[in-house]
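Q: sharing a sequence plus its predicted fold:
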Amino acid sequence: MTTFMDVFKKKFLEMGTMQDITLNRVVISLLIAMFCGLLIFFFYKKFFKGVVYSHNFNILLVMMSMVTTLIIITISSNIVLSLGMVGALSIVRFRTAIKDPLDIGFLFWAVAVGITVGATLYSLAIISTILIGSIYGLMAKLKSKKSLYLLIVQYEDNVSHKVNEIINQMKYTLKNKTSTKGKTEITLELMIKGDNTAFVGQLSSIGGVDNAVLVQYSGDYVE
């Protein structure tokens, strides 16, 4: 007499066999993943705004798309293997520091492409990659008429009132202030419209001001 548990065990063992994986599916999926990965590669390189461009990281984006596709193809055809792979991947830890939050977005983009292609949603993967890349490129091109700057001033304490008279005419955010042995150094974040930087010369002309430096600043990195 066949019981429910016997049927369940039989079906579960059948799911443990590799199914629906053909050479054509693997090759086509990897080629499409590579194509989408190369699009991500192009958008990252074209609109990169950081300090140091990493070619190796950009290559990683292409590899991530293809490797994720291969993983999805494998686990989608074998439920037993998928459970084991989930357990194995859950203990993997990556300790490489990613300084730019935008790089994390590119990594998720590459993984999402791999998942989509691995699920054989080829049109969705290609269209979404082009659309996301176009939106990212458009936003990267948009620039405000006002620019962020860091103003660093080193001066003697006895001329602090003259320095304050000039900087109080501007809108700023105090980022850092250090005082030692009768001298002070301040770092201010300013929003300046156009090339109105005459105040730097005014600060430098004050007797007792050792140094006044203006650095263009964008978020976390200097351009």
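A: Arrived safely, thanks for sending.
Q: low pLDDT regions in the protein?
A: Counting by pLDDT under 70, the chain shows low-confidence ranges at 1-20, 50-51, 78-98, 143-147, 194-195, 217-223.
Q: can you show me the strands along it?
A: Here the chain has its strands, by DSSP state E, at 146-156, 172-180, 183-193, 209-217.
Q: now mean neighbour count too, for these, in TSV please.
A: In short, each C-beta sits where N, CA and C put it, glycine included. Converted to TSV, the strands of the chain look like this (neighbours: other C-beta atoms under 10 Å):
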stretch	mean neighbour count
strand 146-156	17
strand 172-180	11
strand 183-193	16
strand 209-217	14
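Q: CSV for the ones you listed, including distance to A119?
A: Conversion of these to CSV gives the following (distance: least, C-beta to C-beta, whole Å):
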stretch, distance to A119
strand 146-156, 42
strand 172-180, 47
strand 183-193, 45
strand 209-217, 43
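Q: what distance do you get for L131 to F57?
A: According to C-beta to C-beta, to the nearest Å, L131 stands 23 Å off from F57.
Q: so which of the two has more stuff around it?
A: F57 (15 against 10; other C-beta atoms under 10 Å).
Q: wait, M63 touches G37, no?
A: Yes. Between M63 and G37 there is a contact at 7.5 Å, judged by C-beta atoms under 8 Å.
Q: please say which of those two ends up with more neighbours.
A: Neighbour comparison, M63 and G37: the larger count goes to G37, with 28 against 14 (by other C-beta under 10 Å).
Q: go through the protein and flag its longest helix.
A: Ordering each helix of the chain by length in residues (DSSP state H) puts helix 23-46 first.
Q: quick one: distance of it to the chain centre.
A: Chain-centre distance of helix 23-46: 19 Å, with C-alpha atoms, centre = their mean, to the nearest Å.
Q: again with stretch 197-210
A: In terms of C-alpha atoms, centre = their mean, the centre of stretch 197-210 is set 38 Å apart from its chain centre.
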